[in-house]
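A.B. asks: Based on what follows, work out the 3D shape:
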Amino acid sequence: MMRFAERFSDFEIVTTLSSQLSWSHFLDILPVKTVEARLYYANEAVQRVLSVQDLRREISRKAYERREIANTRTNESHALPFNVFKDPYLLDVLGLKDNFDEGDLEKAILSELESFLLEFGNGFSFVARQKRMTVDGDDFYLDLLFYHRDLCRLVAVELKIGKFRPAHKGKMELYLKWLDQHERRENEHPPIGIILCPTASREQVEMLELSKAGIAVAEYWAVMPPKVEFECKIREILEEAKERLARRKLLTNGSIQREIEYFYEPKDDDDDDDDE
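C.D. replies: Predicted structure coming up:
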């Protein structure tokens, strides 16, 4: 109780959460280290009506940290919303065998759709598989199409069994433009897409500026590593993502500062005027 009073010191928050969560929920949330993470898990439990067992699963699988990794890929000026995707996704619940292909992955997702949506996040509804799109007589097929109720927008999902390649961007852009023209309704926001692949070069993803086009790239792990290894890997990925974000901000600020300095730097004409 002393730890509870220390870690949930805001009376208003406690009043709201205590009416919707059991004491067992709070006991699992208390060991979480940061305020932001504790509030995330508490809100997830409330919004998704998670059982104590499901909440423990989210905490043990580092859902908050994986969401933060995904958030570092975008910023306020980009088309991707915050707090929607994770990176990586843990698809061990699908029971995939060795040497699976994209068709096997898609079938496994549809077979275990409830488990996949629990991992994918709150607000997603399944719309279609192998969505057919015809452009100038050519047929294209999107692997999976979802709708996000809170965001009021379609979410296109492409599944890959190999490393992310820059060419994947063009195909997803085509899908999103087609969906925007033919499937988007008046009260909806533009569609967004996510490319799921086993591995991805973060430098390539940043250079392509995919988030400006409303495209996210996230890795998925078909097999869950042992607990200690998993926690170390997630911590390393999160620290690296934060470092990349800090460097990106530093470079951006540095560019702005150079432009300001150039603007105020005396030009030759100014020197001539002073001499006159």
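A.B. asks: Would you mind giving the secondary structure of Tyr147?
C.D. replies: Using DSSP: H, G, I helix; E, B strand; the rest coil, the structure places Tyr147 in strand.
A.B. asks: what's the answer for Ile59, then?
C.D. replies: helix.
A.B. asks: Can you give me the separation between it and Gln47?
C.D. replies: 16 Å (Cβ to Cβ, to the nearest Å). In short, each C-beta sits where N, CA and C put it, glycine included.
A.B. asks: Please identify which of these two sits among more neighbours.
C.D. replies: Remark: of Ile59 and Gln47, Ile59 carries more neighbours, 20 against 12, as counted by other Cβ atoms under 10 Å.
A.B. asks: The more buried one contacts Leu30, doesn't it?
C.D. replies: No - checked against Cβ atoms under 8 Å, the pair Ile59 and Leu30 is beyond contact range at 10.7 Å.
A.B. asks: Tell me the residues that contact both of the two, please.
C.D. replies: Counting by Cβ atoms under 8 Å, 6 or more residues apart in numbering, Ile59 and Leu30 have no common neighbour.
A.B. asks: Quick one: residues in contact with the helix or strand that contains Tyr175.
C.D. replies: Following DSSP states H and E, one finds Tyr175 within helix 167-182. Helix 167-182 has contacts (Cβ under 8 Å, 6+ apart) with 133, 135, 140, 142, 145, 154, 156, 158, 160, 190-193, 195, 197, 208, 210, 213-215, 217.
A.B. asks: Next SSE downstream of it?
C.D. replies: strand 192-197.
A.B. asks: what pLDDT does Met2 get?
C.D. replies: Note on Met2: pLDDT of 88.
A.B. asks: What separation do you get for it and Phe8?
C.D. replies: For Met2, the distance to Phe8 - Cβ to Cβ - is 11 Å.
A.B. asks: So for those two, which sits in the more crowded spot?
C.D. replies: Just comparing Met2 and Phe8: by other Cβ under 10 Å the higher neighbour count belongs to Phe8, 19 against 6.
A.B. asks: Wait, that one touches Val14, no?
C.D. replies: Yes - using Cβ under 8 Å, Phe8 is in contact with Val14, at 5.0 Å.
A.B. asks: Could you pull up the residues touching Ile59?
C.D. replies: Residues near Ile59 by Cβ under 8 Å, 6+ apart: 28-29, 32, 41.
A.B. asks: so where's this structure uncertain?
C.D. replies: 75-78, 252-276 (pLDDT under 70).
A.B. asks: now the strands for it?
C.D. replies: Counting by DSSP state E, the chain has strands at residues 89-90, 124-135, 138-148, 153-159, 192-197, 215-221.
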